[in-house]
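J.: Fold the following and give me the result.
(one chain, ligands or ions: 1)
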Amino acid sequence: VRNSLISGNETIKMALTIAVGGRVWRKFFKTFPFRSNSALKRFPTCRANGRLYSTSSDVVLVRKDEESGIATVRMNNPPVNSLNPTLMVALRSCFEELEKDKTCRALILTSQKPKVFSAGLDILQLYQKSPDHVAQFWEKVQDMWLALYGSRLITMAAINGHCPAAGCLLGLACDYRIMAEGNFRIGLNETQLDLVAPFWLRQTMIDVIGYRQAEMALMIGALYPSDKALQLGLVDKLAPIEDVQTVAEEEVKNWLKIPDQARAITKMASRKPLLDELRRRKQEDIQTFRDETTRESVQKSIQQYLEKLKAKK
Ligand SMILES: CCC/C=C/C(=O)SCCNC(=O)CCNC(=O)[C@H](O)C(C)(C)COP(=O)([O-])OP(=O)([O-])OC[C@H]1O[C@@H](n2cnc3c(N)ncnc32)[C@H](O)[C@@H]1OP(=O)([O-])[O-]
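T.: Below you'll find the model as predicted:
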């Protein structure tokens, strides 16, 4: 399915691309096309540090430092930043707006509410819903991921709290992950809900922590404390929770020393096969998720998981 090595032809294409200087970005976007975003038009805009960004509400807060070109994107969907359609569409919109902003060079993704980065997908959107609802919901997950994973920007996850399931999916889509020290957990725990991580999410986990560890983590739906996550390579750095944002900014500044063009082309060379694969198999992936999730036995498991969450209190 996945061939992360680019072919000789593609290498030559990229070398030529670099050589043509002024026309490089036009050529780059031709080689690695980004999807256009019709959703943007549907949302009102908000002003962030003098620049306009589209959000569907206040669920995504954006602040861009004009001097450095670093944008901080904060998820703001209390209590736990569960990824409902509104938040996912707003995140996708925001990623795509920043992508188009020529003065933007880096994106830090974090939570407005310390202690929880994101609780993953809004489980209520998967429970007792029609197959059509689940299908539309899943497409929003795919589109959000495509926009972040396929970004030309430096993308850094400042994981300032718990980061299960689709929270981890967002982190894995970034280039680098800094996580809060302490009793916070991260991982792809989908199997605990009787859900199956899709091929593109499985692949990113494999790419980040290696086949054996990813296979095991995915099978048992492991959630790791941050020190173990660091040991596995699931996150790249730890910091005290109050310093996660500052450490992320410092790290981005190091990355900004690398010329954008070469960094972005290199990133796309390794990510393009998986991006293309999902674009090609998008409908099949939606159908699989819809059919699996709406199965009676899976609905029963989701119900039990929701009950367990409530009982925790
Ligand atoms: C294959 C597909 C790939 C991805 C799949 C997924 O992401 S599946 C997702 C897998 N995700 C998980 O397995 C993570 C499940 N969540 C947790 O483990 C914890 O909430 C926490 C550790 C993130 C935060 O702990 P904390 O003590 O700070 O907070 P708290 O626990 O007290 O929750 C506060 C309120 O939010 C509610 N709520 C919570 N999460 C969700 C949700 N995802 N959705 C909806 N609601 C959720 C919770 O019921 C409670 O509601 P109440 O009673 O006030 O009406």
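J.: and Ala222, backbone torsions?
T.: Main-chain dihedrals, Ala222, degrees, to the nearest 10: phi -70, psi 140.
J.: Contact residues of the stretch 151-300 of the chain facing the ligand?
T.: When proximity is defined as Cβ under 6 Å from any ligand atom, the stretch 151-300 of the chain approaches the ligand at His162, Pro164, Ala165, Ala166, Asn189, Glu190, Leu193, Leu195, Ala197. Every C-beta, even on glycine, is put in place using the N, C-alpha and C of the backbone.
J.: out of those residues, who's nearest Lys102?
T.: Checking these against Lys102 with Cβ to Cβ, the nearest one is Ala166 at 30.0 Å.
J.: Heading C-terminal from the helix or strand containing Asp132, find the next helix or strand.
T.: In the assignment (DSSP states H and E), Asp132 maps to helix 131-149. Under the assignment DSSP H and E, the closest C-terminal helix or strand after helix 131-149 is strand 154-159.
J.: tell me the SS of Ala269?
T.: Classification of Ala269 using DSSP: H, G, I helix; E, B strand; the rest coil returns helix.
J.: whoops, I mixed them up, Lys113
T.: coil.
J.: can I assume it is in contact with Asn76?
T.: Yes. Lys113 is within contact range of Asn76, at 7.4 Å (criterion: Cβ atoms under 8 Å).
J.: related to what we said a few turns ago, and the helix holding Asp132 with strand 154-159, angle?
T.: 120 degrees (axes from the mean of the first three to the mean of the last three Cα atoms, to 10 degrees).
J.: Helix 131-149 - contacts with which helices or strands?
T.: For helix 131-149, the packing partners by 3 or more Cβ pairs under 8 Å, 6 or more residues apart in numbering; DSSP states H and E come out as helix 85-100, helix 166-173, helix 199-209, helix 260-280, helix 282-293.
J.: For the first one, which helices and strands make contact with it?
T.: With contacts defined as 3+ Cβ pairs under 8 Å, 6+ apart, the packing partners of helix 85-100 are strand 51-54, strand 60-65, strand 70-75, helix 131-149.
J.: Just say which of those is most tucked in.
T.: Per-stretch averages of neighbours, counted by mean count of other Cβ atoms under 10 Å, single out strand 70-75 among the helices and strands packed on helix 85-100, with a mean of 24.
J.: Pull up the pairing partners for that one, direction included.
T.: Its sheet considered, strand 70-75 pairs with strand 60-65 (antiparallel), strand 106-111 (parallel) by DSSP bridges.
J.: Include distance to Lys140 and mean pLDDT when you put those strands into TSV, please.
T.: Output for these, formatted as TSV (distance: least, Cβ to Cβ, whole Å; pLDDT from 0 to 100):
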stretch	distance to Lys140	mean pLDDT
strand 60-65	14	96
strand 106-111	17	98
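J.: how about low-confidence regions in the stretch 51-200 of the chain?
T.: Applying pLDDT under 70 to the stretch 51-200 of the chain flags residues 51-57.
J.: Now with 50, please.
T.: Counting by pLDDT under 50, the stretch 51-200 of the chain has low-confidence residues at 51-52, 54-56.
J.: if we can go back for a sec, kindly reformat the helices and strands packed on helix 85-100 as TSV containing distance to Trp255.
T.: Listed next are the helices and strands packed on helix 85-100 as TSV, based on distance: least, Cβ to Cβ, whole Å:
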stretch	distance to Trp255
strand 51-54	21
strand 60-65	15
strand 70-75	10
helix 131-149	16
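J.: Between these, which one is closest to the ligand.
T.: Comparing those by their distance to the ligand (Cβ to the nearest ligand atom), the top pick is helix 131-149, with 7.0 Å.
J.: May I have that closest one as PDB, with CA atoms only?
T.: What follows is helix 131-149, C-alpha atoms only, in PDB (Å, rounded to 0.1, in the frame of the first residue of the first chain):
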ATOM      1  CA  PRO A 131     -25.100   5.500   8.300                       C
ATOM      2  CA  ASP A 132     -25.300   8.700   6.300                       C
ATOM      3  CA  HIS A 133     -24.400  10.800   9.300                       C
ATOM      4  CA  VAL A 134     -21.500   8.500  10.200                       C
ATOM      5  CA  ALA A 135     -20.300   8.700   6.500                       C
ATOM      6  CA  GLN A 136     -20.400  12.500   6.400                       C
ATOM      7  CA  PHE A 137     -18.700  12.700   9.800                       C
ATOM      8  CA  TRP A 138     -15.900  10.400   8.700                       C
ATOM      9  CA  GLU A 139     -15.300  12.500   5.500                       C
ATOM     10  CA  LYS A 140     -14.700  15.500   7.800                       C
ATOM     11  CA  VAL A 141     -12.100  13.500   9.700                       C
ATOM     12  CA  GLN A 142     -10.300  12.600   6.400                       C
ATOM     13  CA  ASP A 143     -10.400  16.200   5.100                       C
ATOM     14  CA  MET A 144      -9.000  17.600   8.400                       C
ATOM     15  CA  TRP A 145      -6.200  15.100   8.300                       C
ATOM     16  CA  LEU A 146      -5.400  15.600   4.600                       C
ATOM     17  CA  ALA A 147      -5.100  19.400   5.300                       C
ATOM     18  CA  LEU A 148      -2.800  19.000   8.200                       C
ATOM     19  CA  TYR A 149      -0.700  16.000   7.100                       C
END
